[in-house]
Every structure is written in structure tokens, then in C-alpha cells.
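Student: Compute the structure for the input listed below.
(chains A, B, C and D)
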2 protein chains.
Amino acid sequence: MEIQLHIKMNEKLFLRDPEQSELGKKIIRHSIQLIHKNGFEAFTFKKLAEAIGTTEAGIYRYFENKHRLLIYITAWYWSWLEYRVSFQTNNIKDPVVKLKMVIILLATTVEDDIRTSYVDEGILHQIIVTEGSKAYLTKRVSEDNKDHLFKPYKDLCAVIGNMILECNPHYKYPKSLASTIIEMAHFQNFFMNNLPSLTDFGKNKNEAEIVLFLEDLVFSSLNSAQ
Amino acid sequence: MEIQLHIKMNEKLFLRDPEQSELGKKIIRHSIQLIHKNGFEAFTFKKLAEAIGTTEAGIYRYFENKHRLLIYITAWYWSWLEYRVSFQTNNIKDPVVKLKMVIILLATTVEDDIRTSYVDEGILHQIIVTEGSKAYLTKRVSEDNKDHLFKPYKDLCAVIGNMILECNPHYKYPKSLASTIIEMAHFQNFFMNNLPSLTDFGKNKNEAEIVLFLEDLVFSSLNSAQ
DNA sequence: TTTAAATGATAGCAACACTATCTTTTAATG
DNA sequence: CATTAAAAGATAGTGTTGCTATCATTTAAA
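Tutor: Down below sits the predicted model:
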């Protein structure tokens, strides 16, 4: 059986829905590749248009600017991750087992999901590690938040927060711990690979150690709260 | 007695030392103000020059580009914070008390230090919260790291990592926990003020609660490790 | 007093971030 | 099949950003 995975995105994220046309899908696929290759700062719509074989004006019909495109890509990523979390923790009763699964999903390299034809999740994960927080670390964050552009991120955080409470209803900071896990899964990865002295994983550069660190962090907190 | 605090910065951070001239100090003071007001993305050397009453070319004699200036400002901040940490924890024997002091210094609003005439630490703290991680979240991070541009950040992290080991020599992830505290002190602050549903502090928006969360996180980990 | 260093003033250029307009292609509909 | 609306392509243009170069003037050091 062939399953296609389709994530419905908030309409305010784009001017024209990129999933509804070949050009739109090319924009997503190539923008992920280009941002991965040159970084978000050096990424321009002109270069993207050249890579695709269209014109700048063509891109602007889909996205207001490159920052909006970044928000779209990150929102897609968090939506996809929340789907994976719900899939992989389905039928698991033990909240501790569920939470451990979440940590693995957050902190380990993802492989390309063949059900999404125009997104390479492997490199998407890498650009979210480096560029993801730039989506909200702006002066416009509150306005963008009012348009619900960060809903997928917040939804994932809420899901993880609830798992934390399932593990220990007395724990006082479920949401902050959830956002800490999410951010640190990425930052420790970035530090490990780029500024290794900020971590304890510089020698082996092994993602499995980040998982152990996060597990220790989370379950120490949850086991000591009452 | 009047004490002047002077932080010697790595020479690779600038083309001409901004602390050695009036114009240089104006560049630092006004760039902090402008970045705070408009955000780093909208900040340009042209606007900075206008604010100071000099020309673009004048700024370029001090800093290669605005990203280097951001690295300079963040490096200055981390150096200043490490100084405060060493000052405030001096003569304290109990490593737990020291670590609690560090968390307070990291997570609470700073007041302007009158000993540094050309830096307003209050707004500097705010721009580091929003813009700080953009200093290293780039394609150039490894090259910049080779030039030791992030040394103040790494030094502070090492200091905190050692305090963590003083508290519990058996704890396995002192450096990662240190970078986690540093980053989360800022991210939880940003989230609390801009995306409050990612935290448990949205209602009161009180920095003291971030301190409590971080203390809980750190000492749960340290007390459970053996 | 001379002289070197720093600053000011001005110009210029390539790339970037858009917007506008018009034509051609493609896809939907009667 | 013909009509027509939507999408995409092609081209041009404008203000801003990021940066370099040059030369005159001021300031500070020797």
C-alpha cells in the first residue's frame, strides 16, 4: 500500500499554497536544500529562483519574504514531528516509555520520509537545528504569534507537557520542561558538532549521548518532584 | 572611590578597538540601543552612523560587518557576566550556594552598571536574550570559533561546569548542564514574554519563577547522580 | 612643529528586497 | 471544443543594503 502524508498548513503562512502546485513544491524542496547549503542569511529568493529555473517574482507569489518561508518550513517540521510522536507513542500506556520515545524522536537524526515526496527530512532536521529558532527570535514574534504561525511548535510543546504530567502530576513546570527538552535536543546537537566544549559529547559526537543526558535531566526532575 | 571596569576584548573581534576612542564607544552604545529598538535584522551600519552623527565608512573602520559587531557585543556581555559571577561567588565555600547565585545572575534582569560608562547592561541583557544565539547560529561558526570569538561564552560555561562538579563529582554531564542553564535562563525569559504558552510563567511573568525552575532542574539532576 | 593617525565627506557599485506590468501557458468549465 | 480564468514566465524598475575607495580635514603624539 502506498500512503501519502499530507500536512495541512495554516493559510497565513503563505500567499499561495505551495503544496497545491509543482512550482510550490519545488520552492519548498529547493529552499530546504539552499538554506542547508549556504545558511539562512545567505539565502535569497533570487538564488532560489535560479536553482528552480523560475524567476524571483514567481517565488514572491507564494511567500511574502524569506522569513515567512522559514516560518513555513519550521512549522511544517514541528507538525510532522508531532505526527511522528503521536504515531510512535500510540498504544503505549507507560508515560515514562512514551517520554523516552519523544526524547529519541527529538534528539536523533531523522531519515528521509519517503511518504513526503518534496521534503528531505534528514536535511530539514539539520536546518531546524541551526536556523529554527530564528523563526521566532525577531521583533515581529508577537504579531506572528497572533496569526498562529507558531501553533505547531506550541502544540508539540503542549503534548510533551501533558506526558510530563502523566509521569508525575505533582511536577510544577511541565511546559517549561517541555520547551527545554525541545530546545536542548537541538542546541546540544549544534554545540556537539560546532562548539563541542559546551557539551560533554565532543569526543564521540554521538547523538545517543544527548538522549542519555536529556533522559537524566527529565527523569531526575520528575522523580524528585512531589 | 571611583572604580572603572574595563574588559579586554580579543583583538580579532574588531578592526580598530572601540574602547580606545570616543567614536568607538559611541558605536557600542548606540548599536546596543538600535538593536534593542529595531532588532538585529533591521539594524544597519547606515542607521547606526546616522544615530551617532558619523558616516557608514566610519563604522566600517571599527567592525568588518554587523555580524562581527554582534559577536563583539555578546562576547562583552559574557565576559562581564563571568566577572560578576566571580565577584558574587567569591568567598562562598558551599558550591550549592554558589550555583544558586549563578542562576540568579543568569536569569534575572540586570541593572545598569555605572562603572561601564558606555554600556547600558539592562538593555544589553534584553538584546542578548533575543539576539545572542544569532552570534553563533551561522555557517561561519567553526571559523569564528577558531579565532576564539566565543571564548567568553565557553569560559563562563566552563566555570559553571566546574561548580556543578563541585556540587557532585559523579554527575556525568557538567558542561551540557551548564550550557543548558545558560541558554534556558534566556530562552525561558524570551518565551515568558513573547510565547508564554511555552512556559509555566505566563501568568505572572516573574523572573523569580524562572530561577525556581532552573534550580529545580539543576539540583534534581545533581542530587540524583551518584 | 611636524607628522602620523583618525575622522569626515563624498562617490560609487553590486547584490538584495521587493513591486509592477505584460505575455504566454495551463487548467477548469460550460 | 471553445472560452476564460488562473498560474507562471519574462522583463523592467526602484529604493535599500553592504561594502570599498579616495581625498580632505581634524586631532593627537613625537
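
Student: going forward, measure contacts between C-alpha atoms and count neighbours the same way
Tutor: Fine.

Student: how about the residues of chain A near chain B?
Tutor: A:38-39, A:41, A:130-131, A:134, A:137-139, A:141-142, A:145, A:154, A:157-158, A:173-180, A:184, A:188, A:194-195, A:197-200, A:213, A:216-217, A:220-221, A:224 (Cα under 8 Å from any Cα of the partner chain).

Student: Out of the residues you listed, name the ones that lie in helices.
Tutor: A:38, A:130-131, A:141-142, A:145, A:154, A:157-158, A:174-180, A:184, A:188, A:194, A:213, A:216-217, A:220-221, A:224 (DSSP state H).

Student: Could I have the ChimeraX command that selects the buried members from the residues you listed?
Tutor: Buried residues within those, by 16 or more other Cα atoms under 10 Å in any protein chain shown, are selected in ChimeraX with:
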select /A:130,131,141,154,157,158,174,175,176,177,178,179,180,184,188,194,213,216,217,220,221,224
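
Student: which parts of chain A sit against DNA strand D?
Tutor: Listed as neighbours of DNA strand D in chain A under the rule Cα under 7 Å from any atom of the strand: A:21-24, A:53-58, A:61.

Student: Now for the residues you listed, which sits with the most neighbours around it?
Tutor: Most neighbours among the residues of chain A next to DNA strand D, by other Cα atoms under 10 Å in any protein chain shown: A:Gly24, with 19 neighbours.

Student: A:Asp17 is in contact with that residue, correct?
Tutor: Yes: between A:Gly24 and A:Asp17 a contact is recorded at 7.1 Å, counting by Cα atoms under 8 Å.

Student: Check the contact lists of those two and give me the overlap.
Tutor: A:Tyr62 (Cα atoms under 8 Å, 6 or more residues apart in numbering or on different chains).

Student: low pLDDT regions in chain A?
Tutor: Within chain A, the stretches with pLDDT under 70 are A:1-2.

Student: Which helix in it has the most residues?
Tutor: helix A:66-88.

Student: how far is that one from where the chain is centred?
Tutor: 5 Å (Cα atoms, centre = their mean, to the nearest Å).

Student: name the element the nearest residue to A:Arg84 once chain neighbours are set aside belongs to?
Tutor: Distances taken as Cα to Cα, 6 or more residues apart in numbering or on different chains place A:Leu105 nearest to A:Arg84, at 7.9 Å, with adjacent residues excluded. Element membership for A:Leu105, per DSSP states H and E: helix A:95-107.

Student: Could you name the helices and strands sitting against that helix?
Tutor: Applying 3 or more Cα pairs under 8 Å, 6 or more residues apart in numbering or on different chains; DSSP states H and E, one finds that helix A:95-107 contacts helix A:66-88, helix A:151-167, helix A:174-194, helix A:207-224.

Student: Counting neighbours, which bits of it end up buried?
Tutor: Of the residues in helix A:95-107, those buried (16+ other Cα under 10 Å) are A:95-96, A:98-107.

Student: Who are the packing partners of the longest helix of chain A?
Tutor: Using 3+ Cα pairs under 8 Å, 6+ apart, helix A:66-88 is in contact with helix A:95-107, helix A:121-131, helix A:151-167.
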